[in-house]
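> fold the following, please.
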Amino acid sequence: MSKRFDAYPYVWRLPLLIWQGLFFVGPLILMVAMSFWLVRNYRMEPDFVLKNWDRMLGRDYFWNAYWVTLWRATLAGVLASLIAFPASYALAFRVSETTRRWAIFFLIVPFFTSYLVRVYAWQVLLAESGPINAVLGFGGLGPFTMLNSGFGAMVGYMTLVLPLVVILQTFSLAAIDRNLIEAAWNLGASPRETLFQVILPAARIGLILGATFAFILSFGDFVSPFYLGGSKPPTLSILIIDTTKSGQQWPRAAVVAIMMIATLFVAAFAAVGAAYGRRK
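Below is the predicted model:
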């Protein structure tokens with residue numbers, strides 16, 4: 001007797017497939033096609049040439065922006081993970097369930113406000129005549145140039161990603177079976193050994209995914225490097241804006257965007273493999 005086809009699970013998957021097709025796959029295909037078009041007299045004309053790819057990938061300014069973006073995003077992921085871990089550890093193991101819930105709520109609150117507004121607030125705080133330099137001045141320090149620098153951009157990245165990383169790490173650490181930790185103590189493991197041999201391996205999925213989200217959001221961010229970093233050196237997101245303003249070169253900007261997406265795909269698949277792959 002032949003097995004009857006069940007369409008029920010596919011019906012529930014249909015909205016997700018439609019959403020992905022309309023808002024991701026479709027625009028991605030259009031952008032790839034656009035990267036082979038030409039701009040003549042400030043108008044795009046469909047074509048199939050490699051001129052845009054040769055133009056962008058053969059220029060030093062593209063690769064300089066690429067490595068700056070990659071380095072800053074990697075540094076943001078590492079810093080966010082390191083800064084978030086003490087807070088996440090305390091929320092997971094040192095406070096009550098009620099306190100943890102309130103802490104998660106207050107970590108979500110910043111996402112209710114515009115990221116751009118928060119960055120503008122940092123412009124005031126980090127200015128040479130701002131409150132931070134004023135406080136440091138009482139100790140005979142400064143003034144320090146914090147705006148229009150890599151430091152300013154990194155502050156903006158932390159504003160964007162740090163609450164999310166804390167939340168992901170907290171959920172991952174709180175889900176660890178306490179019996180594993182108690183067993184490690186009963187076997188004579190020190191707190192340091194328990195941390196590195198039990199807690200971190202058990203929470204590796206949340207830790208890796210938190211760092212990955214920080215990397216992805218920082219890699220594609222435009223606001224922080226522009227308003228706090230001063231656009232120098234430019235990142236890939238700023239390079240896209242500059243390219244589109246230079247003679248309406250949308251096809252060349254599409255090349256930059258495709259390189260960004262390809263990099264993020266590689267990073268995402270590598271992170272998923274590291275998080276969910278079988279431990280040796």
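
> how about low-confidence regions in the stretch 1-150 of the chain?
Counting by pLDDT under 70, the stretch 1-150 of the chain has low-confidence residues at 1-5.

> to clarify, my last question referred to the stretch 151-280 of the chain.
For the stretch 151-280 of the chain, counting by pLDDT under 70, the residues that fall below are 278-280.

> can you rerun that using 80?
Residues of the stretch 151-280 of the chain meeting the criterion pLDDT under 80: 246-247, 277-280.

> which residues of it fall in helices?
For the stretch 151-280 of the chain, helices defined by DSSP state H, counting those that start in this stretch occupy the ranges 178-186, 191-194, 200-202, 204-219, 223-227, 236-245, 250-276.

> nearest to P15, of the ones you listed?
helix 250-276 (22.6 Å; C-beta to C-beta). (Each C-beta comes from the backbone N, C-alpha and C, glycine too.)

> angle of the closest one against helix 204-219?
170 degrees (axes from the mean of the first three to the mean of the last three C-alpha atoms, to 10 degrees).

> by contact count, what packs against helix 250-276?
Applying 3 or more C-beta pairs under 8 Å, 6 or more residues apart in numbering; DSSP states H and E, one finds that helix 250-276 makes contact with helix 26-34, strand 38-40, helix 51-57, helix 60-93, helix 204-219, helix 236-245.

> of all the helices of the stretch 151-280 of the chain, which lies closest to V117?
Using C-beta to C-beta, the helices of the stretch 151-280 of the chain put helix 223-227 closest to V117, at 10.3 Å.

> just send the helices of the stretch 151-280 of the chain back as TSV, with distance to F112 too.
TSV is the format used below for the helices of the stretch 151-280 of the chain (distance: least, C-beta to C-beta, whole Å):
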stretch	distance to F112
helix 178-186	33
helix 191-194	37
helix 200-202	32
helix 204-219	17
helix 223-227	17
helix 236-245	24
helix 250-276	26
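
> to F24, which of those lies closest?
helix 250-276 (10.0 Å).

> how about the helices of the stretch 151-280 of the chain, which one is nearest T170?
Taking the helices of the stretch 151-280 of the chain one by one with C-beta to C-beta, helix 204-219 is closest: 8.2 Å.

> what lies in contact with the closest one?
69-70, 72-74, 76-78, 80-81, 84-85, 157, 160-162, 164-165, 168-169, 171-173, 175, 200, 224, 236, 260, 263-264, 267-268, 271, 274-276 (C-beta atoms under 8 Å, 6 or more residues apart in numbering).

> next: stretch 85-102.
103-104, 166, 169-170, 173-174, 176, 207.

> repeat for stretch 140-158
Contacts for stretch 140-158 (C-beta under 8 Å, 6+ apart): 72-73, 75-76, 79-80, 83, 119, 122-123, 126-129, 132-133, 136-137, 214, 217-218, 221, 223-225, 227-230, 232.

> and for stretch 167-179?
81, 84-85, 87-89, 91-93, 100, 103-104, 107-108, 199, 202-203, 205-207, 209-210, 213.

> and it, how far out from the chain's middle?
21 Å (C-alpha atoms, centre = their mean, to the nearest Å).

> do stretch 176-192 as well
33 Å.

> keeping just the C-alphas, turn it into CSV.
Coordinates of the C-alpha atoms in stretch 176-192 are reproduced here as CSV (Å, rounded to 0.1, in the frame of the first residue of the first chain):
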residue,chain,number,x,y,z
ILE,A,176,23.4,24.0,32.4
ASP,A,177,22.6,21.0,34.5
ARG,A,178,23.6,21.9,38.0
ASN,A,179,24.4,18.2,38.7
LEU,A,180,27.4,18.5,36.4
ILE,A,181,28.8,21.3,38.4
GLU,A,182,28.2,19.5,41.7
ALA,A,183,29.8,16.3,40.3
ALA,A,184,32.9,18.3,39.3
TRP,A,185,33.1,19.7,42.9
ASN,A,186,32.6,16.3,44.4
LEU,A,187,35.5,14.9,42.3
GLY,A,188,37.8,17.6,43.6
ALA,A,189,37.8,20.1,40.7
SER,A,190,38.8,23.6,41.5
PRO,A,191,36.6,26.6,40.6
ARG,A,192,38.9,27.3,37.6
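
> fine, thanks again, bye for now.
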